[in-house]
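Q: output the structure for:
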Amino acid sequence: MSSQTEEIRRKKIKEAYREAATDFTTDSGIPVKNVYTPEDVSGIDFGKDIGLPGQYPFTRGHHPMMYRGKLWNIREIAGLSTPQKFNKRCKFLVEQGVSALDWELDGPTLYGIEPDQPMAEGQLGVCGVALHTFRDVEILSEGLPLDELSLSSDAFYPDVWQSYILTAKKRGYDISKLRGIGGGIFYYGPSVFPSRMDWLVHKGGFSTLARWGNDFCEYVCKNFPKWNIWFTSSYDLQEAGGNAIHEIAFTIAMANEFIREMLKRGMDINAISSRLSPVLGANRDFFEEIAKLRAARRIWAKTMKEEFGATDLKAMCLRFHVDVSGSNFTRQQPLVNIARGALGTLAAVLGGSMGIQTPSFDEGWATPTEEAVRLAIRTQQVIRYESGVTRVADPLAGSYYVEWLTSELEEKIESMVHQIEQMGGWLKVLEKGWVHEQLKEGLLEIQRKVENGERTVVGVNRFQMPPEEDFKPEVYAPDTSDVEEYLDEYKKFKERRDYKNLREKIKSLQKAASDPGINLVPYVYDALEADATFPEIIGALRMNDGFEYDWAGERDFPF
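A: Okay, the predicted model is just below:
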């Protein structure tokens, strides 16, 4: 070894030994001090602002016993290839110990286009499962205990949900006992995909597609006591560039918009609010994420009680699921992502989440392999059964720093909610493009900080290693023969339909859509049972607002 090499190593050791922390601002831009004392929390009233778990304002959790009463759901995201292949993955996940499933859909399914359209080429079964018909959902659900699993999905529209309910009914389940989270996720879609504003807004109000979602939510509230409304995936807004303040402020603003719509329909605030359940995120700033979740419950409780007049404690208690941030999982040195997953999962637990999804270490590469998703599940199980964090409810309560940060976030979140309300509410700020600008600026700022070294990402801008020495995970890719078989079955499915009956049901749906006082859910059920495809239903409802049948412009209305 040369003297020069030895000197370089000595210098690195010295620098590492003497290195001190240099980042004193949270990821939301809140400056923090070196130490916190009772003076920093002197303005906080224990009874009014903190309280006990299971008591208003629910800062400390939704239930007095918290995890002593019920552990959080291990809800792993899953979605790949065709319904047949995905069914096998779902059964594998159940065998590994998950208590809930989250169906991830492929692009063509999310966007409402036919799987055999030119735009769908190369996207079928990639990063999600292909679901386009009631029959697809039947195949996917085969052999799963539908009355025991809690199901969620990133479906923008209720087509998947209504097919799932039909499947359960056909198999003899008591559908009133089905458990799930879903229904109104379209509320966030235009924020992430601003070019698809017609998903939600039309002529200053709700589009027909959004009305369908609202109709389904009303239907669920009245008929499915164990089903919660997933009115937003604010996790995705966070992944699109939002910080902790954006995430919760946008969640509250969307809830306000949704609740007002349901109140117009004559529903009771206690019946509505008690069923709402957003998906939040657990990003990389450990203590800020914990404080964010505590602040979210407090703000929700105050909003439901003071703004909407809720009287039922269940309506004041925000119950949420947390997805650990997948955007922090790097392609470089992917095994390091296991540590990131554990950190995010622990933050979600200490923040009192009712359900958690931990990404797999190969998130930056492709749809997770079985081995990768097993490790993600085991991460949650280690925290559940080996760490001891489940013994005490809200164990960080009373920390001067955590309580100060919770209140600081509460103040900033409430200020942003007020700003949104002053601009006309959620629909208006979406139409104006304000939400998208906020997310875009946030995303660019994150990238700028990574590139100039202000934001350390291990393995990316520090502690790198040569690509040829880096670990290369096994990469999942859809089997082309599976895709070809799916397309062949899809073609046969359409050919054997009773076209006259199908056309009648689609026309009935369109007629119902022209009357804003009619709930569309029963008409969609009729169309699904007549073998309408999901894109056909979506396209028919788009036409009610004067839009083209196929937003991609590749197909004409077939009825």
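Q: and the pLDDT for Arg211?
A: Reading off the confidence values, Arg211 has pLDDT 91.
Q: residues near it, how many?
A: 21 (other Cβ atoms under 10 Å). Where you see a C-beta, it was placed from the backbone N, CA and C, and this is true even at glycine.
Q: wait, isn't it in contact with Ile518?
A: No - Arg211 sits out of contact with Ile518 when judged by Cβ atoms under 8 Å, with a separation of 9.8 Å.
Q: please look at Lys169 and Ile175 and confirm they touch.
A: Yes - counting by Cβ under 8 Å, Ile175 is a contact partner of Lys169 at 5.2 Å.
Q: sticking with Asn228, tell me its helix or strand.
A: Assigned by DSSP states H and E, Asn228 belongs to strand 227-228.
Q: chain center to that strand: distance?
A: Chain-centre distance of strand 227-228: 15 Å, with Cα atoms, centre = their mean, to the nearest Å.
Q: show residues contacting that strand.
A: 178-183, 220, 275-277, 319 (Cβ atoms under 8 Å, 6 or more residues apart in numbering).
Q: which strand residues bridge the residue positioned nearest the centre of the chain?
A: The C-alpha lying nearest the average C-alpha coordinate of the chain belongs to Ser233 (Cα atoms, centre = their mean; 3.5 Å). For Ser233, the beta-bridge partners under DSSP bridges are Val279.
Q: what about it, distance to Pro145?
A: 25 Å (Cβ to Cβ, to the nearest Å).
Q: ditto for Glu454
A: For Glu454 relative to Pro145 (Cβ to Cβ), the value is 49 Å.
Q: re earlier: just confirm the residue nearest to the centre of the chain contacts Ser277, I think it does.
A: No - between Ser233 and Ser277 there is no contact under Cβ under 8 Å: 10.8 Å.
Q: what pairs with the top strand by length along the chain, and is each one parallel or antiparallel?
A: Using DSSP state E to define each element, the chain has its longest strand at strand 73-78. Under the criterion DSSP bridges, strand 73-78 sits next to strand 100-103 (parallel), strand 355-357 (parallel) in its sheet.
Q: contacts for the last one, please.
A: It stands for strand 355-357. 72-77, 100, 102, 150, 282, 320-324, 345, 348-349, 380.
Q: after the longest strand of the chain, next one along is what?
A: helix 83-96.
Q: can you name the residues that contact Ile290?
A: 347, 350-351, 396, 402.
Q: can you lay out those residues as a markdown table showing neighbour count and distance to Ile259?
A: Converted to a markdown table, the contacts of Ile290 look like this (neighbours: other Cβ atoms under 10 Å; distance: Cβ to Cβ, whole Å):
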| residue | neighbour count | distance to Ile259 |
| --- | --- | --- |
| Ala347 | 27 | 28 |
| Leu350 | 22 | 29 |
| Gly351 | 24 | 24 |
| Leu396 | 17 | 30 |
| Val402 | 21 | 29 |
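Q: can I get those residues in TSV with distance to Tyr56, pLDDT and secondary structure?
A: Shown next, in TSV, are the contacts of Ile290 (distance: Cβ to Cβ, whole Å; pLDDT from 0 to 100; DSSP: H, G, I helix; E, B strand; the rest coil):
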residue	distance to Tyr56	pLDDT	secondary structure
Ala347	24	99	helix
Leu350	21	99	helix
Gly351	18	98	coil
Leu396	20	98	coil
Val402	20	99	helix
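Q: quick check, nearest of the residues you listed to Leu375?
A: Of all the contacts of Ile290, Leu375 sits closest to Ala347, with 18.5 Å by Cβ to Cβ.
Q: still on that earlier bit, more neighbours, Lys169 and Ile175?
A: Between Lys169 and Ile175, counting by other Cβ under 10 Å, Ile175 is the more crowded of the two (18 against 13).
Q: can you tell me how far that one is from Leu105?
A: 22 Å.
Q: just Ser325 next, same as before
A: For Ser325, the distance to Leu105 (Cβ to Cβ) stands at 20 Å.
Q: just Ala255 next, same as before
A: 24 Å.
Q: of these two, which one has the most company?
A: Using other Cβ under 10 Å, the more surrounded residue of Ala255 and Leu105 is Ala255, with 25 against 21.
Q: measure that one to Leu427 for me?
A: 13 Å.
Q: what of Pro57?
A: Taken as Cβ to Cβ, the span from Pro57 to Leu427 is 28 Å.
Q: one more: Ser508?
A: Taking Cβ to Cβ, one finds Ser508 at 29 Å from Leu427.
Q: more crowded one of these two?
A: For Ser508 versus Leu427, neighbours defined as other Cβ under 10 Å are more numerous around Leu427 (21 against 15).
Q: list the contacts for the more buried one?
A: 200-201, 204-206, 257.
Q: my read: Val483 touches Gly125, true?
A: Yes - assessed by Cβ under 8 Å, Val483 is found in contact with Gly125 at 5.8 Å.
Q: what is in contact with these two at once?
A: Common neighbours of Val483 and Gly125 (Cβ under 8 Å, 6+ apart) are 81-82.
Q: which one's more surrounded, these two?
A: More crowded of Val483 and Gly125, by other Cβ under 10 Å: Gly125, with 27 against 20.
Q: you'd agree the more buried one is up against Pro83?
A: No - Gly125 is not in contact with Pro83 according to Cβ under 8 Å; the separation is 9.6 Å.
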